[in-house]
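Participant: Here you go, sequence then predicted model.
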Number of protein chains: 2
Amino acid sequence: MTEDIFSDAHFMREAIREARKAADVDEIPIGCVIVQNSRIVARAHNLTETLNDATAHAEMQAITAASNHVGSKYLPDCILYVTLEPCLMCAGAIRWSQIGRVVFGCYDKKYGFARFATEIAHPKADISGGVLQDECSALLTEFFKAKRIN
Amino acid sequence: MTEDIFSDAHFMREAIREARKAADVDEIPIGCVIVQNSRIVARAHNLTETLNDATAHAEMQAITAASNHVGSKYLPDCILYVTLEPCLMCAGAIRWSQIGRVVFGCYDKKYGFARFATEIAHPKADISGGVLQDECSALLTEFFKAKRIN
């Protein structure tokens, strides 16, 4: 069966590709793409170690890149796909940029924004989780397992 | 009376200077400095309009700059001074960067992080607000008043 190239699963696979790039450079594998009119306008992966910057989460970089590409600090017609539930910082950035829809892969019970308050998200934002969550989660599990062995 | 150059008020005045630079380029006047061993290692002001980037808050830029200067993504021995209570995004960034102490000027009842959950801050972080709050607040009031007239 071929996958619909406009489906959430398709774009989440692109976010997973980004996450793999992070793992390749020994970064925690989290990836993100931002889509506008079914086209990817930004892609990024976690680079906190490489950039020595705790704010360099995949979503933060993708939002900055998408705003630059679109030419607006507001992105209401964009969809953000990210392999892990956004943290508070990223949820705040998603809110400020007014991204219309957020789709994440696996849940983050420790640092995910939803544990704090659901009102953190923009009232109009459509947020869903669990898309390809097993694949997204496996990336992280394998990364940390390898870390413990090495 | 001369002001102690290592006092919170002194560094908040430096943050206010940054906020004024924001107003000069028609940005909402919010400024930030980060101090390590009584020396300013980063200074920044809100640039969301100029950079077309909703994430370009003063604190975010200052944290990235300080990490770059210090050469570490963790800043436990740093103090962040900002003229307005940090939003959720910035509070998240402060947590990730493990900044040891935060001093803010005026309170932000609408977007300030404390309204959501005090546990957002790092458990070890020492956070205090209200330093030069009248001056910090006046900057914002004057900016928005001028906006309504023009």
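Facilitator: Received the coordinates, thanks. Small disclaimer: the values here were computed from a predicted structure and weren't measured.

Participant: switch to C-alpha atoms for all contacts and neighbour counts from now on
Facilitator: Noted.

Participant: Any idea how many residues pack against A:Glu27?
Facilitator: 18 (other CA atoms under 10 Å in any protein chain shown).

Participant: From A:Gln133, how far out is the residue nearest to A:Ser137 when sequence neighbours are not counted?
Facilitator: Counting by CA to CA, 6 or more residues apart in numbering or on different chains, A:Cys106 is the residue found nearest to A:Ser137 once chain neighbours are left out, at 5.7 Å. For A:Cys106, the distance to A:Gln133 equals 4 Å [CA to CA, to the nearest Å].

Participant: pLDDT below threshold where in chain A?
Facilitator: A:1-2, A:117-119, A:121-122, A:150 (pLDDT under 70).

Participant: now the helices for it?
Facilitator: Taking DSSP state H, the helices of chain A run over residues A:8-24, A:58-70, A:88-96, A:133-149.

Participant: so the residue nearest to A:Ser137 sits right up against A:Pro86, yeah?
Facilitator: No. With contacts counted by CA atoms under 8 Å, A:Cys106 stays clear of A:Pro86, the gap being 9.8 Å.

Participant: the more surrounded of these two?
Facilitator: A:Pro86 (26 against 23).

Participant: Contacts only, for the closest residue to the more buried one other than its chain neighbours.
Facilitator: Nearest non-adjacent residue to A:Pro86, counting by CA to CA, 6+ apart: A:Gly112, 5.5 Å away. By CA atoms under 8 Å, 6 or more residues apart in numbering or on different chains, the residues touching A:Gly112 are A:85-88.

Participant: try A:Met12
Facilitator: A:33, A:81-83, A:104-105, A:131-132.

Participant: Please repeat the previous calculation with a cut-off of 6 Å.
Facilitator: By CA atoms under 6 Å, 6 or more residues apart in numbering or on different chains, the residues touching A:Met12 are A:Tyr81.

Participant: any idea how far it lies from chain B?
Facilitator: 23 Å (CA to the nearest CA, to the nearest Å).

Participant: ok, A:Ala65 - how many residues close by?
Facilitator: 18.

Participant: So which residue is smack in the middle of chain A?
Facilitator: For chain A, the residue nearest the mean C-alpha position is A:Val82 (2.2 Å; CA atoms, centre = their mean).

Participant: what about the closest residue to that one other than its chain neighbours, distance to A:Val41?
Facilitator: Leaving aside its sequence neighbours, A:Val82 sits nearest to A:Cys32 (CA to CA, 6+ apart; 4.3 Å). Distance of A:Cys32 to A:Val41, computed by CA to CA: 11 Å.

Participant: who's more crowded, those two?
Facilitator: A:Cys32 (32 against 20).

Participant: need the contact list for the more buried one.
Facilitator: So A:Cys32 contacts A:15, A:43-44, A:58-59, A:81-82 (CA under 6 Å, 6+ apart).

Participant: what number of residues lie near A:Thr50?
Facilitator: Around A:Thr50 there are 13 residues (other CA under 10 Å).

Participant: nope, A:Val25 is what I meant
Facilitator: Look at A:Val25: counted by other CA under 10 Å, it has 13 neighbours.

Participant: just A:Arg148 next, same as before
Facilitator: 8.

Participant: got it, and A:Thr141?
Facilitator: A:Thr141: 13 neighbours (other CA under 10 Å).

Participant: which bits of chain A sit near chain B?
Facilitator: Within chain A, the positions near chain B by CA under 6 Å from any CA of the partner chain are A:52-55, A:64, A:67, A:72-73, A:88-89, A:92-93, A:96-97.

Participant: now, the most widely separated pair of those residues?
Facilitator: The distance between the two most remote of those (CA to CA) is 27.3 Å, for A:Asn52 and A:Ser72.

Participant: Compare neighbour counts for these two and give me the winner.
Facilitator: Ranked by neighbour count (other CA under 10 Å), A:Asn52 and A:Ser72 place A:Asn52 first, with 19 against 16.

Participant: Quick check: the gap between the residue nearest to A:Pro86 and B:Lys110.
Facilitator: Applying CA to CA to A:Gly112 and B:Lys110 gives a distance of 22 Å.

Participant: for A:Ala22, same thing?
Facilitator: 36 Å.

Participant: who's more crowded, those two?
Facilitator: The neighbour comparison of A:Ala22 against B:Lys110 (other CA under 10 Å) goes to A:Ala22, with 22 against 9.
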